[in-house]
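Chemist: the sequence and its predicted three-dimensional model are supplied below.
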Amino acid sequence: MTHQATHQATHPLEPLAEHEFRQTAAILRRDEELGGSWRFAGIELLEPDKAAVKAWQPGDAVPRAAFAVLWNRADNQTWEAVVDLTGDRVVSWTHVPDVTPNFTTDEYHDVDEAMRAHPEVVAALAARGITDLSLVLIEVWTYGKALMPDKYRDRRLGWCDIWYRDTPESNAYAHPVSGLKVVVDMNTLELLELENDHDHGQPEVNAEYAPGPWTGTLRTDLKPLHITQPEGVSFTLDGTELRWQNWNLRLGFNHREGPVIYQVGYGGRDIAYRMSFAELMVPYRDASFDHYRRTAFDIGEWGLGFMTTSLELGCDCLGEIRYLDAVLHDTRGEPYTIKNAICLHEEDNAVLWKHVDHTNGAEVRRMRRLVVSCHVTVANYEYLVYWRFYQDGNIECEVRATGLMVTTPFAADGAPPPTGTVVDKQTYAPFHQHFLVARLDLDVDGDGNTAYEVDSRALPVSDSNPYGLAVVTEATPIRSESEAARDFNWSTQRSWKVMNPNRVNALGTHPAYKLVPSASIPPLMDPGTPQFLRAPVIGHTLWVTRHHEEERWPAGDYPTQSTTDDGMSRWIADDESLENTDLVLWYVFGIHHITRVEDWPVMPADTIAFWLKPFGFFDQNPSIDVPPSMTADGEVCRHE
């Protein structure tokens, strides 16, 4: 069978198109004789190796290949495939023993429907006074293997929360059914266990947030806020290539990482080859029956791309907007499109730089930034991701967490647990953490780079420093992967910079980009615990590794039902040199969520971010050429 392309890719890093997903599935079914029990956990572009992409020129051929992960529901075996789309053939077909691929949104919905119809579940809910099954949500979570019942450890196993609504329009997460959990075989949809541990009742909570079920009065004193660009936007989008001011970059998307930022440059100079999120681990810090299994790997176990939602003008993005759609696939390999998956726009961001000269008046420039954003809904939670590019060469990555907290009733005659905050009547929200791992493949003026840890230190009082004012910085090279794990130090205001020792600026120093950390949170977890062993990457703020194409997932390729990581621990074991070579930074940041009453019933966005800032990359302020800001009357701002 020959598959004719309906769209010809024009660059090696373009995401797979609809026909390429179909072609991948069709070739595999044909060549490997796959029957109806096979499912696709993930299909994505097999990115050409970095050297080939950097050498590619417009007009060169664009060979296309896909990487697919499949499992057979009949025997629960996992296989990896490389499919040559240009040559219409399977390049490799490899069994991967003792692993479990990510769960899928298809399965999420299948489990909900199957378990709501199961007689034992129906009876258990009826015993608690819940009889309208259309108002019930049964939501499946993944397991860590250490927490799985021994007799089910060879299965694709899920455990389920149960929730119910007051009405079809009301909050799906308002009423957890405490003490009742479902254990299910994801392949057969067989109910394996119905765990009925306790019943703390159904407290009447004030859990609504959407007008209708929420009966409060909306504010009426907000006037319209309009953001207009009557002459259009200042950026250009050519396929997936984005250009704005001095910036150039390329946009990608896949089921696991969601948005990927490729080949970032400023003024024709390289800064980063590839930036994305590689893992998102959320351990709930509550040992009770309802929560002890609740540790999620939202990227490795589910996929940010699969959970990306469509954006709406005026709601999610404001101003003169350009959108990009994303194409993904279901478990049968059929493509579908997420409309408006990525939002592109410019924002005003107050003052870029200013000085008032008391003789000559003021010079002021307003700051503008280019924003690449997407929104992800992970069941009850939302993650809003913003990559921002500034006129002065800065890059900011911001994540906002919002949505609905997991809550649970506690015993009416008992004290609330110390591992959460009481947010409503007889209801608490457990403490939890969100650990994000950003994968930053920086190429500062090329791929011969060295990373340095930079600390500020006060010099002791001495004859030359009689008042103890002197502060110096100390830059320590991270020489090899045995030194890969680094921790933030508030007392020295620690940062890290990636420097190119092969280039010099006009002042004779080496160009660099500096990682400015924030939202650095500790794991507060014994390193021998099951959840930590699955993701020791969360134990440090920063890791530095030598670039390898296959090193993408710091908690391992298959964290679902894992016991230990097959990622960062293995990568650094060979202690490769990190000096003057191609480096990848893995920055761990997140939210230590000590839950609040103010987060209930819907959570105001909690905002975290980190920055990449030029450090000697330019010879002076690169935004000095930004045009003068104008008054409302159209005059140059030069007020006295």
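Modeler: Right, received. Where do you want to start? Nothing here was measured: the structure is a model prediction, and the numbers come from that model.
Chemist: any weak-confidence spans in the stretch 251-400 of the chain?
Modeler: The stretch 251-400 of the chain contains no residues with pLDDT under 70.
Chemist: output the below-cut-off pLDDT ranges for the chain.
Modeler: 1-7, 638-640.
Chemist: which residues of it fall in helices?
Modeler: 18-32, 50-55, 105-116, 119-126, 530-534, 568-571 (DSSP state H).
Chemist: so how far is Glu257 from the residue nearest the centre of the chain?
Modeler: Geometric centre of the chain, nearest residue: Phe277, 4.4 Å, by CA atoms, centre = their mean. Note on Phe277: its distance to Glu257, by CB to CB, to the nearest Å, is 6 Å. In this view, the C-beta of every residue, glycine as well, is placed from N, C-alpha and C.
Chemist: and for Ala65?
Modeler: From Ala65 to Glu257 the distance is 18 Å (CB to CB).
Chemist: Val282 now?
Modeler: Taking CB to CB, one finds Val282 at 17 Å from Glu257.
Chemist: centre of the protein to the edge, which residue is at the far end?
Modeler: The chain, CA atoms, centre = their mean, max distance from centroid: Asp463 (51.7 Å).
Chemist: chain neighbours aside, what residue packs nearest to Arg322?
Modeler: If the residues on either side of it in the chain are set aside, Arg322 comes closest to Leu344, at 4.5 Å by CB to CB, 6 or more residues apart in numbering.
Chemist: across the sheet, point out what pairs with that neighbour.
Modeler: With DSSP bridges as the criterion, Leu344 is bridged to Arg322, Val372.
Chemist: isn't it up against Thr240?
Modeler: No. Under the criterion of CB atoms under 8 Å, Leu344 makes no contact with Thr240, lying 11.1 Å away.
Chemist: between these two, which contacts overlap?
Modeler: Leu324 (CB atoms under 8 Å, 6 or more residues apart in numbering).
Chemist: got a list of what Leu583 touches?
Modeler: Leu583 neighbours (CB under 8 Å, 6+ apart): Asp441, Leu442, Asn449, Thr450, Ala451, Val498, Val544, Thr545, Arg546, His547.
Chemist: and the gap between the first one and Phe610?
Modeler: Using CB to CB, one gets 15 Å for the distance from Asp441 to Phe610.
Chemist: same check, this time on Ser495
Modeler: 10 Å.
Chemist: other residues contacting stretch 312-327?
Modeler: Contacts for stretch 312-327 (CB under 8 Å, 6+ apart): 15-18, 21, 225, 227-229, 232-233, 235, 237, 240, 251, 253, 305, 308, 311, 335-347, 373, 375.
Chemist: contact partners for Ile478?
Modeler: Thr450, Ala451, Tyr452, Glu453, Ala484, Arg486, Val544, Leu578 are the contacts of Ile478 under CB under 8 Å, 6+ apart.
Chemist: any idea how far it is from Leu585?
Modeler: Applying CB to CB, the value for Ile478 to Leu585 is 10 Å.
Chemist: just the C-alpha atoms of stretch 154-169, please, in PDB.
Modeler: Taking Å, rounded to 0.1, in the frame of the first residue of the first chain, the C-alpha atoms of stretch 154-169 are listed here in PDB:
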ATOM      1  CA  ASP A 154       1.600  -8.000  35.800                       C
ATOM      2  CA  ARG A 155      -1.600  -6.100  34.700                       C
ATOM      3  CA  ARG A 156      -2.200  -2.600  33.300                       C
ATOM      4  CA  LEU A 157      -3.800  -1.500  36.500                       C
ATOM      5  CA  GLY A 158      -5.800   1.600  37.500                       C
ATOM      6  CA  TRP A 159      -7.400   2.800  40.700                       C
ATOM      7  CA  CYS A 160     -10.400   5.100  40.700                       C
ATOM      8  CA  ASP A 161     -11.800   8.000  42.700                       C
ATOM      9  CA  ILE A 162     -15.600   8.400  42.700                       C
ATOM     10  CA  TRP A 163     -17.200  11.800  42.600                       C
ATOM     11  CA  TYR A 164     -20.800  13.000  42.100                       C
ATOM     12  CA  ARG A 165     -22.500  16.200  41.100                       C
ATOM     13  CA  ASP A 166     -25.600  17.800  42.600                       C
ATOM     14  CA  THR A 167     -27.100  18.500  39.200                       C
ATOM     15  CA  PRO A 168     -25.900  17.900  35.600                       C
ATOM     16  CA  GLU A 169     -24.500  21.500  35.500                       C
END
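Chemist: who's in contact with the residue nearest to Leu280 when sequence neighbours are not counted?
Modeler: Closest residue in space to Leu280, ignoring its immediate chain neighbours: Asp298 at 4.2 Å, by CB to CB, 6+ apart. Asp298 is in contact with Leu280, Met281, Val282, Leu304, Met307, Val378, Tyr383, counting by CB under 8 Å, 6+ apart.
Chemist: make it 10 Å
Modeler: 277, 279-282, 304, 307, 376, 378-379, 381, 383, 434, 436 (CB atoms under 10 Å, 6 or more residues apart in numbering).
Chemist: thinking again about what came up before, compare the contacts of Leu583 and tell me which is most surrounded.
Modeler: Asn449 (28 neighbours; other CB atoms under 10 Å).
Chemist: which residues does it form beta bridges with?
Modeler: Thr581.
Chemist: measure the residue lying closest to Asp574 once chain neighbours are set aside to Gln245 for me?
Modeler: Among residues not flanking Asp574 along the chain, Glu481 sits closest, at 7.0 Å (CB to CB, 6+ apart). Distance of Glu481 to Gln245, given as CB to CB: 37 Å.
Chemist: sorry, back to before: mind checking which of the contacts of Leu583 land in strands?
Modeler: Of the contacts of Leu583, the ones assigned to strands by DSSP state E are Asp441, Leu442, Thr450, Ala451, Val498, Val544, Thr545, Arg546.
Chemist: wait, what's in contact with the third one?
Modeler: The neighbours of Thr450, taking CB under 10 Å, 6+ apart as the test, are 444, 475, 477-479, 497-502, 510, 512, 544, 577-581, 583.
Chemist: give me that answer again for 8 Å
Modeler: Pro477, Ile478, Val498, Met499, Pro501, Leu578, Glu579, Asn580, Thr581, Leu583.
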